[in-house]
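K.L.:
Quick one: sequence plus predicted model below, questions after.
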There are 2 protein chains.
Amino acid sequence: MTSGLPGRLLDDLGPAIVTGKYPAGAVLRTEELERAFRVSRTVVREALRVLEAMRLVSSRRRVGITVLPRTDWNLYDPRVIRWRLDGPDRAGQLRSLTELRSATEPVAAALAAARATPEQAGALTALAVQLRSSTHDLDAFLVHDIAFHRVLLIASGNDMFAQLGDVVDAVLTGRTHHHLMPQTPKPEAVRLHVEVAEAIAAGDPARAEAAMRAIVTEVLDVLPGT
Amino acid sequence: MTSGLPGRLLDDLGPAIVTGKYPAGAVLRTEELERAFRVSRTVVREALRVLEAMRLVSSRRRVGITVLPRTDWNLYDPRVIRWRLDGPDRAGQLRSLTELRSATEPVAAALAAARATPEQAGALTALAVQLRSSTHDLDAFLVHDIAFHRVLLIASGNDMFAQLGDVVDAVLTGRTHHHLMPQTPKPEAVRLHVEVAEAIAAGDPARAEAAMRAIVTEVLDVLPGT
DNA sequence: GAAACTCAAAAGTAGTACTTATTCAAGAGG
DNA sequence: CCTCTTGAATAAGTACTACTTTTGAGTTTC
């Protein structure tokens, strides 16, 4: 559902809920939404059905569509993640995601060392080499960095880790936009990426985990408000 | 959307997709679903809209509703998690979730040590004491164990970790059903829970993380097929 | 054999009618 | 005056029809 009128309505209502324009407890009416967004009842119902599935709202007859508190939301839904990143508390959401990332990537590295295919290990090594070669070009560095982490998460052999590739993308891209990335990548960070790749190629989970832990520890340390 | 005809249709189609009854590439037609499930077009469209938002299917005019490959799915959607746990590869899904858990809980413990409120720290200590007192009653032990981990995840102050409480619930409950839980909880595991609670109460992130890591390492070690 | 055209297939959107669930206000009784 | 019952209004749920739009496949033409 990325197109069509229900999708467009979703992309209006979702952010409005997530950013607090419609706070928890607020009650929406399907008829009012029809008028406000100039769409038919079918379109409104379909968009609301999706919001309900994301646990952003709850629908009851005679009552209306009630906005739910944040503790009910499906926070891992890619749309919810995006809406929160586009909202006023972007820094908070980046921190949340960074902490999640700091938890998952070391374990993913260890699993990758145990499970990566030769192709995956080779791709990681190649990407680490490219990282080293592109420290002078921040955009190119970012592209390779994101690719490195994505391949690693896939190589972990756990598809739930693999899906966090989008989270890593959002975090790394967000760091750059927030000027949280150093102007020139630290040699130590690059070295650690190379070490992770080497440890995975060598099938050494403990070493891969330790190196990746060092990478994400440095990331956490530079977060504001830690 | 937990009730109503769209919800019921969702709970039929979702598992059918997730378990491969409708494999990737299969094309569904709204009209056929209307006939097969004896519901109106509105109901079918609403259920499909939700499946589309979960990235289980993709809809295009003239083409139909195409089932997407697993790499597209929103694997963190609570329904997708449940459908996979209820499917034939339950053990694989439990392993996936256990690995995710093993990654996140140590970091959550460290964050909780830094951020827990006195109430949360107190609740963890109380729950650890109850764990120690209920080793003779496996059901009671499970209840307290789940509660312990839930409170800890909430105490981490990261709502994405907090949401994984359901994952921990599913994993711990699943372990019991799989007879993967020891008949009598190991004293060492209980001791570690107490140590986690003490470390959090003392505001010692490193100690909390290490103790929790020992807990989840033991859990990973007893997984079949590791 | 490739490009253009046509049409059938299937979803998308609008709107109406009727049903069902639920809440709230009013009235009755103690 | 408070509590319980009843009825009606409110709002969503479901079915259905009509029309539009998109898209792919088959046919025709060059």
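P.N.:
Ah, there it is. Keep in mind that this is a model prediction, so the values were computed, not measured. Residues are numbered from 1 along each chain as shown, chains lettered A, B, ... in the order given.

K.L.:
Quick one: the strands in chain A, in order.
P.N.:
For chain A, the strands defined by DSSP state E cover A:27-28, A:57-60, A:64-67.

K.L.:
Looking at these, spot the one closest to chain B.
P.N.:
Nearest of the strands of chain A to chain B, taken as CB to the nearest CB: strand A:57-60 at 7.7 Å. (Glycine included, C-beta is placed from N, CA and C.)

K.L.:
quick check, that closest one touching DNA strand D?
P.N.:
Yes - shown here: strand A:57-60 in contact with DNA strand D (CB under 7 Å from any atom of the strand) through A:59-60.

K.L.:
Now mean neighbour count, mean pLDDT and distance to B:Phe141 too, for the strands of chain A, in JSON lines please.
P.N.:
Below are the strands of chain A laid out as JSON lines (neighbours: other CB atoms under 10 Å in any protein chain shown; pLDDT from 0 to 100; distance: least, CB to CB, whole Å):
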{"stretch": "strand A:27-28", "mean neighbour count": "17", "mean pLDDT": "96", "distance to B:Phe141": "42"}
{"stretch": "strand A:57-60", "mean neighbour count": "18", "mean pLDDT": "96", "distance to B:Phe141": "34"}
{"stretch": "strand A:64-67", "mean neighbour count": "18", "mean pLDDT": "96", "distance to B:Phe141": "37"}
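
K.L.:
would TSV of the ones you listed with distance to B:Asp86 be doable?
P.N.:
Below are the strands of chain A laid out as TSV (distance: least, CB to CB, whole Å):
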stretch	distance to B:Asp86
strand A:27-28	33
strand A:57-60	24
strand A:64-67	29
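
K.L.:
so which of those comes closest to B:Asp72?
P.N.:
Nearest of the strands of chain A to B:Asp72, taken as CB to CB: strand A:57-60 at 24.8 Å.

K.L.:
How far away from the center of its chain is the closest one?
P.N.:
Chain-centre distance of strand A:57-60: 27 Å, with CA atoms, centre = their mean, to the nearest Å.

K.L.:
The nearest residue to A:His149 once chain neighbours are set aside: what's it in contact with?
P.N.:
Leaving aside its chain neighbours, A:His149 sits nearest to A:Val168 (4.5 Å; criterion: CB to CB, 6 or more residues apart in numbering or on different chains). Residues in contact with A:Val168, defined by CB atoms under 8 Å, 6 or more residues apart in numbering or on different chains, are A:101, A:105, A:146, A:149-150, A:153.

K.L.:
repeat that for 10 Å
P.N.:
Residues near A:Val168 by CB atoms under 10 Å, 6 or more residues apart in numbering or on different chains: A:97-98, A:100-101, A:104-105, A:108, A:145-146, A:148-150, A:152-153.

K.L.:
For B:Ala126, find the nearest of the strands of chain A.
P.N.:
strand A:57-60 (32.0 Å).

K.L.:
what's the closest of the contacts of A:Val168 to DNA strand C?
P.N.:
For the contacts of A:Val168, the minimum distance to DNA strand C (CB to the nearest atom of the strand) is 29.5 Å, reached by A:Arg150.

K.L.:
Out of the strands of chain A, the one nearest DNA strand C is which?
P.N.:
strand A:57-60 (5.2 Å).

K.L.:
Now tell me what touches that closest one from outside.
P.N.:
Everything outside strand A:57-60 that qualifies as a contact, by CB under 10 Å, 6+ apart, is A:13-14, A:17, A:22, A:24, A:26-28, A:30, A:45, A:48-52, A:64-68, A:72-73, B:1-4.

K.L.:
distance of the residue nearest to A:His149 from B:Arg84?
P.N.:
23 Å (CB to CB, to the nearest Å).

K.L.:
With A:Lys21 instead?
P.N.:
From A:Lys21 across to B:Arg84, the span is 35 Å (CB to CB).

K.L.:
Next up, the contacts around A:Gly87.
P.N.:
A:15, A:18-21, A:93.
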